[in-house]
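Asker: just a sequence and a predicted model for now, questions to come.
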Amino acid sequence: METSDTGSQCIVERERRKAEKAKKFAEKKAKAAAKPAPAPKAQKKEKIEKEKTTDAYDPKVIEAGRYEWWEERDLFKPEFGSDGKVRPEGYFVIPIPPPNVTGSLHMGHALTNALQDTMIRWQRMKGKTTLWLPGMDHAGISTQSVVEKMLWKKEKKTRHDLGREVFTDRVWEWKHEYHANIKNALRRVGGSFDWSREAFTMDPNLSAAVTETFVRLHEEGIIYRANRLVNWCVALNTSLSNLEVENKEVEGRTLLDVPGYEKKVEFGVLTHFCYEIDGTKERIEIATTRPETMIGDTGIAVHPEDKRYQHLIGKFAKHPFVDRLLPIVADTDVDPEFGTGAVKITPAHDFNDFNRGKAHNLEFISVMNDDGTFNKNGGIFAGMKRFDARYKVIELLKENGLYVKWEHNPMKIPRCAKSNDVIEPILKPQWWMKMESLAKPAIEAVEKGDIVIKPESAEKSYFRWMRNINDWCLSRQLWWGHQAPAYFVKIEGEENDDSDGNLWVTGRTEEEARKKAEAKFPGKKFDLVRDPDVLDTWFSSGLWPFSTLGWPNKTHDFENLYPTSVLETGWDILFFWVARMIMLGIKLTGQVPFREVYCHSLIRDSEGRKMSKSLGNVIDPIDVMEGIQLQTLHDKLLLGNLAEKEVATATKYQKKAFPKGIPECGADALRFALVSYTTGGM
């Protein structure tokens, strides 16, 4: 009986286990049925068939149809609770650093997107309401410049030949074409963006945010009009902020290429020459790195304790080429050890001299036109290009017996980051933004931990720049961008100086501006003339984290998903973009725009150089994913606006770096490789 009972028990136990397995199988089957439908069978079959015939990994087959499958199921859209609020697990939002609509993506974009996609997918897996918000930037100077080059290359026309309206239409055509290319590339790289919320910095709602910001800050006195020296790029015919200027260091006499000149121009030289003292036979020796600007000299400064020149203080020097006497003034800021210890003062064409000229009440004489030629104040040099005038000045100084010598001089040459032109300080009325009052709460936000900046080196750079911040020049003499919502009140029968900020009004509409003008100048007849200048690209970019969510309107997204969570970007735009977003975000919304800033390192080539199309080291991530032959890489160089010499340089590098072209690796391998490179040293 015991044996029989034992056997029965074994049978019962076996049947129980079978029943449990059947139950688990049924539950598993039911659970599988509740899951989203799998990828199309045809694609699965193709993958299996490929694996049977070869051991090679074929990314085209593996990745085919995957992104479309995700999008069809709205897997990238933020999921809210039934009450319309974020999930109990919280939310996680990343605004993309918007790519410029100037061309195609490069590997820097691929790195940024790989890192951000990793973050957003992880937070999505944790059940949070997640949004990775895509968009693109109109990139004022960059886009206008590339379209102008294309226009000249294809049609031998300038923007002025077309006129503002027609040229702007051409830029919009460019934008539509390259916007589509970039969007396709971002999808191809696999970024899990919610494309239903895609933004462009010149969309109507984002443009309205720009106008609202400008008008509001002008009404508060934070934005103001002033006639000041600006960084002028002759090649692009516009002013630039300090951040758009790159300094090239030279150790001594150096010949550099300058746009608009066939021959190279001499820099790194200190030229010595003399001014004669009026009414005497004495002379005073001057040393300058920019002899052509002596045409605009209105004074000479010496240190009050420099015994060589104490007897000349209060006297005048005679200008050799224009009818002008230059007062010799005492100034404690003069370094007696530099040059000759006597400094020429050109208030309208030198940043140091601008303040020195104000301090000594000197005349401000602008001698240069926007195109880099000398104007009528230049006398015999009128109409001459600035660096041609440099050599002519030296020649005439020699003829007049006033030239002394030249010597090597280590110095920094300020150059436009876009055109490589040498910057010319020019006096111009522009719109400026007071930054000190905006910087203070932005510094405190990081100090208190409301915003965390990583790595620590980036945080230190942030503090250093913010604590030494200058006012921001907002005006750009371009046609592509957000036109300043500012209007000059031209009063009938009166002198009208457009550098006078009191004669300007701002408005969200022209009607609003007119009402402001009527209230400001009651009973006066006037015309309103809108400022033709556009605003610095970074002004609209500075609003990106909140304008893309609907600000200044209180939209559902803005009220539920702001502040955003992380701003991930390259450290090189920490000042251009990140700092300005923090300042404007706190000022306009009362909150920080994001909780954390993560700065990744920059991609460089095998020789440690920055990416540059003219060097041939800019790599399209699509070419890495799909593979490309060397000859096709060469052919792509001819599609751009590179000069013949630049094409030759780029071709040479491509042959060296990619002798067999670039093999296909697919999106997943590229993304994994890029993310893995950021794991060390941060």
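Answerer: All right, it came through fine.

Asker: and Gly481, what is it in contact with?
Answerer: 138, 140, 144, 202, 534-535, 537 (CB atoms under 8 Å, 6 or more residues apart in numbering). All C-beta spots, glycine's among them, are computed from the backbone N, C-alpha and C.

Asker: among those residues, which are located in strands?
Answerer: If you go by DSSP state E, those have 534-535 in strands.

Asker: how about the contacts of Gly481 in a markdown table, adding distance to Ile345?
Answerer: Shown next, in a markdown table, are those (distance: CB to CB, whole Å):
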| residue | distance to Ile345 |
| --- | --- |
| His138 | 40 |
| Gly140 | 34 |
| Gln144 | 35 |
| Met202 | 43 |
| Val534 | 33 |
| Leu535 | 33 |
| Thr537 | 34 |
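
Asker: what's the closest of the contacts of Gly481 to Val86?
Answerer: Met202 (29.8 Å; CB to CB).

Asker: quick check, that closest one in contact with Asp137.
Answerer: No. Using CB atoms under 8 Å, Met202 is not in contact with Asp137, being 9.0 Å away.

Asker: kindly provide the distance from the residue lying closest to Lys525 once chain neighbours are set aside to Asp527.
Answerer: Using CB to CB, 6 or more residues apart in numbering and skipping the chain neighbours, the partner closest in space to Lys525 is Glu492 (4.2 Å). Distance, Glu492 to Asp527, by CB to CB, to the nearest Å: 8 Å.

Asker: which one of those two has more residues nearby?
Answerer: Between Glu492 and Asp527, Asp527 has the larger neighbour count (other CB atoms under 10 Å), namely 12 against 9.

Asker: need the three-state assignment for the more buried one.
Answerer: Here Asp527 is recorded as strand under DSSP: H, G, I helix; E, B strand; the rest coil.

Asker: excluding chain neighbours, what is closest to it?
Answerer: Asp527 sits nearest to Lys490 (CB to CB, 6+ apart), 4.5 Å away.

Asker: next: Leu535.
Answerer: His482 (4.8 Å).

Asker: what does stretch 400-408 contact?
Answerer: Contacts of stretch 400-408 (CB under 8 Å, 6+ apart): 251-253, 268-276, 283, 285, 320, 394, 397.

Asker: among these, name the buried ones.
Answerer: When neighbours are counted using 16 or more other CB atoms under 10 Å, the contacts of stretch 400-408 contain these buried positions: 268-276, 285, 320, 394, 397.

Asker: and the residue nearest to Leu535, what does it touch?
Answerer: 202, 207, 210-211, 534-535, 539-540.

Asker: can I get these in JSON lines including pLDDT, neighbour count and distance to Pro659?
Answerer: Shown next, in JSON lines, are these (pLDDT from 0 to 100; neighbours: other CB atoms under 10 Å; distance: CB to CB, whole Å):
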{"residue": "Met202", "pLDDT": "98", "neighbour count": "19", "distance to Pro659": "43"}
{"residue": "Ser207", "pLDDT": "98", "neighbour count": "18", "distance to Pro659": "48"}
{"residue": "Val210", "pLDDT": "98", "neighbour count": "22", "distance to Pro659": "48"}
{"residue": "Thr211", "pLDDT": "98", "neighbour count": "19", "distance to Pro659": "53"}
{"residue": "Val534", "pLDDT": "97", "neighbour count": "24", "distance to Pro659": "45"}
{"residue": "Leu535", "pLDDT": "98", "neighbour count": "24", "distance to Pro659": "46"}
{"residue": "Phe539", "pLDDT": "97", "neighbour count": "25", "distance to Pro659": "45"}
{"residue": "Ser540", "pLDDT": "98", "neighbour count": "24", "distance to Pro659": "43"}
